[in-house]
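1. Quick one, fold the following:
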Amino acid sequence: MDILLERVPAARKETLFRLLQYSLFEESATDQNEMGDNALFDYEWFEFYFTEPEREAYFITEKETKKLLGFVMINTYLKKSPFGHSIAEFLVLPKYRRQQIGKQAAFACFHKHTGIWEVSPSYGSEAAYRFWKQVIEEYTEGNCRFEEGTFFFEAI
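-> Numbers count the residues shown, from 1 in each chain. Sure, this is the predicted structure:
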């Protein structure tokens, strides 16, 4: 299945917010995410993805049918470098996992923004760590490092 990254327009931000809730719920098993009294997970930076040029949100869609498969949120807020990009949030819907969709989406992000990247798998999630380790090592041919919970590499 071939995928596209499609920039999320402001008119569809509610769809992105709902997908983000699934991601935050899934991560809550291993990190510090807490659901509020309104049965939603807070994400204080969400609106900034529609107002700040340093943040981008994309739907991952099937190329031919435009079926929604997941999303990715990218920003330029890094731990170790003054310039570059980071995956803030990333989700492939469970039905579409293990079909190379996540890998295609990650590679598309790296191609979209060459240069320095930092990717921090969801804290405590062995599955997220394994996914990102495999994808980044394949993309960089092993030219990456992992320290303090983050992968550091250069996309070319």
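2. so how far is residue 19 from the residue sitting furthest away from the middle of the chain?
-> The C-alpha centroid of the chain is most remote from residue 37, which lies 26.2 Å away (C-alpha atoms, centre = their mean). Distance of residue 37 to residue 19, computed by C-beta to C-beta, to the nearest Å: 22 Å. Heads up, the C-betas are built off the backbone N, CA and C, glycines and all.
3. again, but for residue 134
-> 23 Å.
4. out of the two, which sits in the busier spot?
-> Taking other C-beta atoms under 10 Å, residue 134 and residue 19 do not tie; residue 19 has more neighbours (21 against 12).
5. in which helix or strand would I find the residue nearest in space to the middle of the chain?
-> Centroid check for the chain by C-alpha atoms, centre = their mean gives residue 90 as the closest residue, at 2.5 Å. Assessed by DSSP states H and E, residue 90 sits inside strand 85-92.
6. Could you pull out the buried residues of that strand?
-> Using 16 or more other C-beta atoms under 10 Å as the test for burial, strand 85-92 gives 85-92.
7. downstream neighbour of that strand in the secondary structure list?
-> helix 101-112.
8. which other helices and strands contact that following helix?
-> Contact here means 3 or more C-beta pairs under 8 Å, 6 or more residues apart in numbering; DSSP states H and E; on that basis helix 101-112 packs against strand 3-7, strand 55-62, strand 68-75, strand 85-92, helix 126-140.
9. and these as a markdown table, adding distance to residue 154 and mean pLDDT?
-> Output for the helices and strands packed on helix 101-112, formatted as a markdown table (distance: least, C-beta to C-beta, whole Å; pLDDT from 0 to 100):
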| stretch | distance to residue 154 | mean pLDDT |
| --- | --- | --- |
| strand 3-7 | 20 | 97 |
| strand 55-62 | 19 | 98 |
| strand 68-75 | 16 | 98 |
| strand 85-92 | 11 | 97 |
| helix 126-140 | 7 | 96 |
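10. Tally up the residues packed near the closest residue to residue 40 other than its chain neighbours, please.
-> Spatially, and ignoring its direct neighbours in sequence, residue 40 is nearest to residue 21 (6.2 Å; C-beta to C-beta, 6 or more residues apart in numbering). By other C-beta under 10 Å, the residues close to residue 21 number 15.
11. wait, residue 21 sits on residue 42?
-> No: using C-beta atoms under 8 Å, residue 21 is not in contact with residue 42, being 10.4 Å away.
12. can you tell me which two in the buried residues of strand 85-92 are farthest apart?
-> 85 and 92 (19.0 Å; C-beta to C-beta).
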